[in-house]
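In: Give me a model of this one.
(one chain, ligands or ions: 1)
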Amino acid sequence: MQQNASSTTQQKSADRSTVPPAQSIITDITTSSLEPTEPTEPIDLTTTGEATELPTASTPGEDDSLVVQSLHGLGSPLLPAPIQPPTPPLTPPPAYSRKYVAGLFTFEQLSIFLIYPSTIAVGSLISIVSPPESYFGLRTNFFNVFFVKNGWFWTTITFMVHCIRLRISKPSKLVIRYAFATLWWFLFTQWFFGAPIMDRVFLGTGGVCFVNDPEAVPGDERKVHDSWSSFGCRHVKGEWAGGHDISGHSFLLTHASLFLWFELLPVIMERGPLLRQINTKIVFVTLALWWWMLLMTGIYFHTFTEKVTGWLCGIAEWAIIYILLPGNRTLTTMVGVPGV
Ligand SMILES: CCCCC/C=C\C/C=C\C/C=C\C/C=C\CCCC(=O)SCCNC(=O)CCNC(=O)[C@H](O)C(C)(C)COP(=O)(O)OP(=O)(O)OC[C@H]1O[C@@H](n2cnc3c(N)ncnc32)[C@H](O)[C@@H]1OP(=O)(O)O
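Out: Numbering: from 1, shown residues only. Here you go, the predicted structure:
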């Protein structure tokens, strides 16, 4: 391995156009594992990178011996190495692209990121100008009740459909990223040591659950119920009113969409056969539905600030896992980066 390292390093400046692609890949793997330099820029999640596992400082192990075998072109490391063809020059590992906007996003990442605030902005504008009469303005519409109200379930199914066809070597990293996304959805909308975060914000900003009291004097039927969650308030047929009611739809639809987009991005960027698979189309259908429902939320429900806070909370976990963490090799090694 040492010998290979020095010879590959010496070739760094050679002409790239002469490199056979397969050899180039092998050299990348070898060099990545021998040169554990800190990345100076975030890791590009849009490339077709080799996967969820980042190259780390090499501790000789199973993976290294595989690389040695591959370089020798042999089935067994016990056989003598054949005469090496000239070692090809380095090409940068595909997971470390340099095309960044504002040092954080690639162009594709930025475009995806901007879809959601623009949708909320356009929806809110339509709601002010003239919201059209629509089936989607009903809380009880089928797409809301069946899909969005079970939105994390459908996102999970879609993610699984996407994952089962991938070639990546470490599925555990996929599960870790899914677990982080699920945890944030769960804490925010379902349970946070009692009431979920969104309900705590509502109560903390003066919100209460009003219920009708049939025994009260006429004109004073509304009384405050002591439920501490929107779920509990719905259960007693109360009205959740008064505080800052963060839009759960804006949160969930943004959070789920960014999660799916960023897991799918390497497949899109590769522009290979995976992109044409039915699995990819299913992910796009879910993304399209989530986008449409977010637009409907923008037009028919909540105040503008409630939608903006929902969106801000919806980008929080994504920003950490997919934008900020890739600047740190150690932390990224824990969660991996999406791949194909
Ligand atoms: C080869 C490798 C393989 C690797 C596999 C990889 C990974 C997988 C790993 C492991 C997985 C293993 C097994 C997993 C299997 C299954 C697990 C599934 C786990 C689940 O996943 S199981 C959970 C299902 N559980 C959900 O998924 C619930 C989602 N749900 C929510 O989290 C909330 O529900 C939320 C936040 C969406 C909304 O909360 P909200 O509704 O209370 O609040 P919001 O402020 O948004 O709305 C105020 C009023 O406006 C109305 N409104 C607003 N916008 C509207 C619109 N556009 N149209 C119509 N109405 C609208 C509302 O309808 C409401 O009206 P109203 O109060 O009358 O209803």
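In: Pull up the gap between residue 272 and the ligand, please.
Out: 18 Å (CB to the nearest ligand atom, to the nearest Å). Yep, even glycine has a C-beta here, placed from its N, CA and C like the rest.
In: Quick one, grab the pLDDT at that residue.
Out: Note for residue 272: predicted pLDDT of 93.
In: residues in contact with the residue of the chain at minimum distance from the ligand?
Out: Proximity of the chain to the ligand (CB to the nearest ligand atom) peaks at residue 248, 2.9 Å away. Counting by CB atoms under 8 Å, 6 or more residues apart in numbering, residue 248 touches 189, 198, 310.
In: contacting residues around the first one?
Out: Right, the one you point to is residue 189. 196-198, 248, 251-252.
In: cool, and the last one?
Out: Contact criterion CB under 8 Å, 6+ apart gives 246-251, 254, 302 as the residues in contact with residue 310.
In: which two from these end up farthest apart in space?
Out: By the measure CB to CB, 254 and 302 form the most distant pair in those, at 13.3 Å.
In: Those two: which has the busier surroundings?
Out: Applying other CB atoms under 10 Å to residue 254 and residue 302 shows that residue 254 carries more neighbours, namely 29 against 22.
In: Which strand or helix spans the more buried one?
Out: Per DSSP states H and E: residue 254 is located in helix 248-270.
In: elements contacting whichever helix or strand comes after that helix?
Out: Next along the chain after helix 248-270, taking DSSP H and E as the criterion, comes helix 278-300. Judged by 3 or more CB pairs under 8 Å, 6 or more residues apart in numbering; DSSP states H and E, helix 278-300 is in contact with helix 107-129, helix 151-163, helix 248-270.
In: Any stretches of the chain with poor pLDDT?
Out: For the chain, applying pLDDT under 70 flags the ranges 1-99, 214-221.
In: can you rerun that using 90?
Out: The model of the chain has pLDDT under 90 over residues 1-105, 167-171, 210-242, 325-333, 337.
In: Show me how the record splits it into domains.
Out: According to automatic domain parsing, the chain comprises the domains 2-72, 107-207+242-335.
In: most packed of those?
Out: Highest mean neighbour count of the domains of the chain: domain 107-207+242-335, a mean of 18 (counted as mean count of other CB atoms under 10 Å).
In: Check the separation of the first and last residues in that domain.
Out: 23 Å (CA to CA, to the nearest Å).
In: Stretch 242-254 now?
Out: Length of stretch 242-254, first residue to last, CA to CA: 25 Å.
In: And the strands in the protein, which stretches?
Out: Under the criterion DSSP state E, the chain contains strands at 208-212, 222-225, 239-241.
In: Need the winner for burial among these.
Out: The highest average neighbour count among the strands of the chain, using mean count of other CB under 10 Å, belongs to strand 208-212 at a mean of 18.
In: what's that one packed up against?
Out: strand 222-225, strand 239-241.
In: Now distance to residue 266 too, for those strands, in TSV please.
Out: What follows is the helices and strands packed on strand 208-212, written out as TSV (distance: least, CB to CB, whole Å):
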stretch	distance to residue 266
strand 222-225	49
strand 239-241	41
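In: Point out the residues in the stretch 201-340 of the chain that sit beside the ligand.
Out: The stretch 201-340 of the chain comes close to the ligand at residues 230, 247-249, 251-252, 293, 296-297, 301, as judged by CB under 6 Å from any ligand atom.
In: Please tabulate the strands of the chain in a markdown table, including the columns distance to residue 259.
Out: As requested, the strands of the chain are exported to a markdown table (distance: least, CB to CB, whole Å):
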| stretch | distance to residue 259 |
| --- | --- |
| strand 208-212 | 31 |
| strand 222-225 | 35 |
| strand 239-241 | 27 |
